[in-house]
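Chemist: No letters, just coordinates:
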């Protein structure tokens, strides 16, 4: 995401988004993200009586969005003042330069926090799906590869922010950051960062999808699970829309429009991070009720067919399951994954032995 860099060689147009609308979207999105996050944490604690690493990452993302909202509450007036003066609709007041410099410096922090929020949510999804590749022998390297790619993509995004055109004096910014070359650089980095944003989402989503199609279940259930796993597509759409507002190679993007869509994207990502959890928790609780109602004794035929149901049942709640030594259903899930891929992992063998002894 790029930021306005002071006086441009082209005359900016009036802001597309009214200040009240901008702030309404900001705090409305934050309120929605807060409600969904609160429900996620409540359901997690009610179900498992503890929280997990992906919960901590979602909480961190929520705290960062709070910081972003507070910063905007302070500097939104400065952004609109800059636009009114630049578009010739208002004479510069006496405090124009310090206010614009405050807005630009705040923009540097907002852009950095914007990418950090998105990538914190990506990491929450990564650890949300982590159990799918644990105890899978060589396949665990795929998860680590995606983690490395995700972190490297974040470093690229925050590393390409043109900090010199945001934190310097306004006079230097106007002299060195308002030409067509600089505008093109901002646009190119915005597009490149969008590509990295979407690519990391696709890589993370590939973890559960790669296993889903190997499971022997009905097409309807596969479609339902795929919908749960692909909720990150929502954030991809917002990422693309945010970049689509840049329609010209030579004109500065409208800051109110660009920043509004940036705010929408981070709040949508925060909400999406909770949607999959709600779905999986529902399946987890439903499965627990069904499991408690089944008789403890079973025929030999039932025992032979039993792994098919627990595998699919727990596949839906795998990313919210408890640790393997805390839940026998998690062991069933690992057995199903091991059987599906033929892994001979030593740890998974011991888990299988423990289940046999319990039986």
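Modeler: Great, that's in hand. This one's a predicted model, so the numbers in the text were calculated from it and none came from an experiment. Numbering: from 1, shown residues only.
Chemist: could you pull out the helices for the chain?
Modeler: Using DSSP state H, the helices of the chain run over residues 19-48, 53-86, 96-128, 140-159, 164-167, 170-176, 180-212, 219-229, 232-244, 255-293, 300-305, 308-315, 328-341, 346-358.
Chemist: Of all the ones you listed, which one is nearest residue 13?
Modeler: Among the helices of the chain, the nearest to residue 13 by Cβ to Cβ is helix 53-86 (8.7 Å). C-beta here means a position set from N, CA and C on the backbone, and glycine is covered the same way.
Chemist: coming back round to it: I'd like the helices of the chain written out as TSV, with mean neighbour count added.
Modeler: Formatted as TSV, these follow (neighbours: other Cβ atoms under 10 Å):
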stretch	mean neighbour count
helix 19-48	16
helix 53-86	19
helix 96-128	21
helix 140-159	16
helix 164-167	19
helix 170-176	16
helix 180-212	18
helix 219-229	15
helix 232-244	18
helix 255-293	20
helix 300-305	9
helix 308-315	20
helix 328-341	20
helix 346-358	12
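Chemist: what residues are up against residue 74?
Modeler: residue 106 (Cβ atoms under 8 Å, 6 or more residues apart in numbering).
Chemist: pLDDT wise, what is it at?
Modeler: Taken from the predicted model, the pLDDT recorded for residue 74 is 96.
Chemist: That one and residue 110, how far apart?
Modeler: Distance, residue 74 to residue 110, by Cβ to Cβ, to the nearest Å: 11 Å.
Chemist: Same question for residue 124.
Modeler: 21 Å.
Chemist: now swap in residue 186 and tell me
Modeler: 15 Å.
Chemist: cool, and residue 164?
Modeler: 17 Å.
Chemist: next one: residue 159
Modeler: Taken as Cβ to Cβ, the span from residue 159 to residue 110 is 17 Å.
Chemist: Repeat that for residue 147.
Modeler: 26 Å.
Chemist: Helix or strand with the lowest mean pLDDT in the chain?
Modeler: Ranked by mean pLDDT, DSSP states H and E, the helix or strand of the chain with the weakest confidence is helix 328-341, at a mean of 37.
Chemist: quick one: low-confidence parts of this protein?
Modeler: 1-12, 131-138, 212-231, 245-252, 276-359 (pLDDT under 70).
Chemist: Which segments of it make up each domain?
Modeler: Recorded structural domains for the chain (assignment: automatic domain parsing) are 19-285, 287-358.
Chemist: list the contacts for the residue lying closest to residue 53 once chain neighbours are set aside?
Modeler: Spatial nearest neighbour of residue 53, excluding adjacent residues (Cβ to Cβ, 6 or more residues apart in numbering): residue 127 at 4.9 Å. The contact partners of residue 127, taken as Cβ under 8 Å, 6+ apart, are 52-54, 57.
Chemist: What is the nearest of these to residue 255?
Modeler: Distances from residue 255 to the contacts of residue 127, taken by Cβ to Cβ, are shortest for residue 57, at 29.3 Å.
Chemist: how much space between the nearest residue to that closest one once chain neighbours are set aside and residue 146?
Modeler: Once flanking residues are discounted, residue 57 sits nearest to residue 124: 3.8 Å by Cβ to Cβ, 6+ apart. According to Cβ to Cβ, residue 124 and residue 146 sit 14 Å apart.
Chemist: go on, residue 158?
Modeler: From residue 158 to residue 146 the distance is 19 Å (Cβ to Cβ).
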